[in-house]
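Undergrad: Fold the following for me, if possible:
(one chain, ligands or ions: 1)
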Amino acid sequence: MDVRGLGYLEIEASDVGAWRTYATDVVGLAVAGSSDEALYLKMDERPFRFVIVPGEADRLNSVGWEVPNEAALDAAEAELEAAGVAVERGGADEAAARRVRGLIRFVDPGGSALELFCAPVQDHTLFVSPVGVSRFVTGQLGMGHVVLMTSAFEETLAFYTDVLGFRVSDWMMLGQMQLCFLHCNRRHHSVALGAADRSGLAHFMVEAGSIDDVGYALDRFQDHEIRIKQGLGRHSNDQMFSFYAATPGGFDIEFGYGGIEVDDLTWTSQEITKTSFWGHRRPPRVGG
Ligand code: FE
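TA: All right, here's what the predicted structure looks like:
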């Protein structure tokens with residue numbers, strides 16, 4: 001299967017207003033449109049990269065993965081069905097809401113809802129960050145990465161590699177937790193899977209254009225009294241210079257800069273034994 005990159009995330013929010021303030025004033029995304037049904041957030045030339053929908057829960061609703069064209073979407077649908085996966089084809093209204101020409105929906109073995117889409121409909125509006133983030137690194141690398149916990153680790157990993165066509169970048173044991181980092185383009189990982197009791201999103205990562213973007217972001221998170229979950233550090237595998245903070249969704253954000261790219265012609269998967277060269281330390285929690 002020809003998955004080319006992480007395209008968008010749909011997040012369900014009990015307080016869309018809180019997400020709006022967080023996304024624009026703290027993270028630095030731009031509002032690309034909003035209605036009673038959805039808040040669209042922009043980080044690059046695409047019409048949106050995040051859609052926040054009102055609901056009772058705070059959670060990740062869906063992960064959108066991009067395939068190159070309609071033929072690839074049709075082929076993916078057939079491959080998923082051949083693998084025994086229940087696939088739903090999004091109707092014209094749903095495709096219009098996603099600003100794409102076509103999409104299909106299914107659930108991975110860990111229970112995460114995924115979409116494959118093709119042909120995003122461009123609005124040719126440039127991204128201007130309301131708080132001055134120079135840019136977010138997207139394009140052929142996709143919009144960032146997600147780390148998904150799964151209570152069915154082996155099946156989920158086999159699904160991403162054997163059915164969806166992801167390649168293993170590296171492995172890591174984090175304490176007792178097995179992690180596997182997977183790529184589908186030159187970004188070191190677009191998804192990582194972690195073996196856990198419960199399935200769900202651990203964090204998503206956005207990559208900004210400069211080291212100063214990360215520093216200014218850290219100041220904004222602290223000015224808004226957002227809880228920093230892990231301070232500045234540099235990861236050993238994707239070499240991302242980043243910090244982690246809470247989001248209104250219950251999962252975390254990683255805000256980074258400077259991730260390496262991998263080339264399938266030369267990359268060999270490896271086992272890493274330390275998450276970070278330095279840093280990424282958990283600050284003491286104050287005030288309970
Ligand atoms: Fe990460």
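
Undergrad: make it CA atoms for all contacts and neighbour counts henceforth
TA: Noted.

Undergrad: ranges for the helices of the stretch 151-288 of the chain?
TA: Secondary structure of the stretch 151-288 of the chain (DSSP state H, counting those that start in this stretch): helices at 153-158, 211-223.

Undergrad: Let's have those in CSV, adding mean neighbour count.
TA: Shown next, in CSV, are the helices of the stretch 151-288 of the chain (neighbours: other CA atoms under 10 Å):
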stretch, mean neighbour count
helix 153-158, 18
helix 211-223, 17
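
Undergrad: for the ones you listed, which one sits closest to Ser129?
TA: In terms of CA to CA, the element of the helices of the stretch 151-288 of the chain nearest to Ser129 is helix 211-223, at 11.2 Å.

Undergrad: pLDDT (mean, whole number) over the closest one?
TA: What helix 211-223 shows for mean pLDDT is 98.

Undergrad: what's in contact with that helix?
TA: The contact list for helix 211-223 (CA atoms under 8 Å, 6 or more residues apart in numbering) reads 25-27, 133-134, 208, 227-228, 241-243, 245, 255-258.

Undergrad: Mind giving me the PyMOL command for buried ones among those residues?
TA: In PyMOL syntax, the buried subset of these is picked out as below (16 or more other CA atoms under 10 Å):
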select buried, resi 25+26+27+133+208+227+228+241+242+243+245+255+256+257+258
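
Undergrad: quick check, nearest of the contacts of helix 211-223 to Pro283?
TA: Nearest to Pro283 among the contacts of helix 211-223, counting by CA to CA, is Ile228 at 7.2 Å.

Undergrad: and the closest one, bridged to which residues?
TA: Beta bridges link Ile228 to Ala245, judged by DSSP bridges.

Undergrad: What of Val100?
TA: Beta-bridge partners recorded for Val100 (DSSP bridges): Pro120.

Undergrad: Could you do Pro54 as well?
TA: Beta-bridge partners recorded for Pro54 (DSSP bridges): Ala13.

Undergrad: What ranges in this protein fall below the confidence cut-off?
TA: Low-confidence segments of the chain (pLDDT under 70): 286-288.

Undergrad: mind giving me the domain ranges of it?
TA: Domain assignment for the chain by automatic domain parsing gives 5-120, 139-279.

Undergrad: Now render these as JSON lines, adding distance to Ser129.
TA: What follows is the domains of the chain, written out as JSON lines (distance: least, CA to CA, whole Å):
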{"stretch": "domain 5-120", "distance to Ser129": "5"}
{"stretch": "domain 139-279", "distance to Ser129": "11"}
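
Undergrad: Out of the ones you listed, the one nearest Val128 is which?
TA: Closest approach to Val128 among the domains of the chain (CA to CA): domain 5-120, 6.8 Å.
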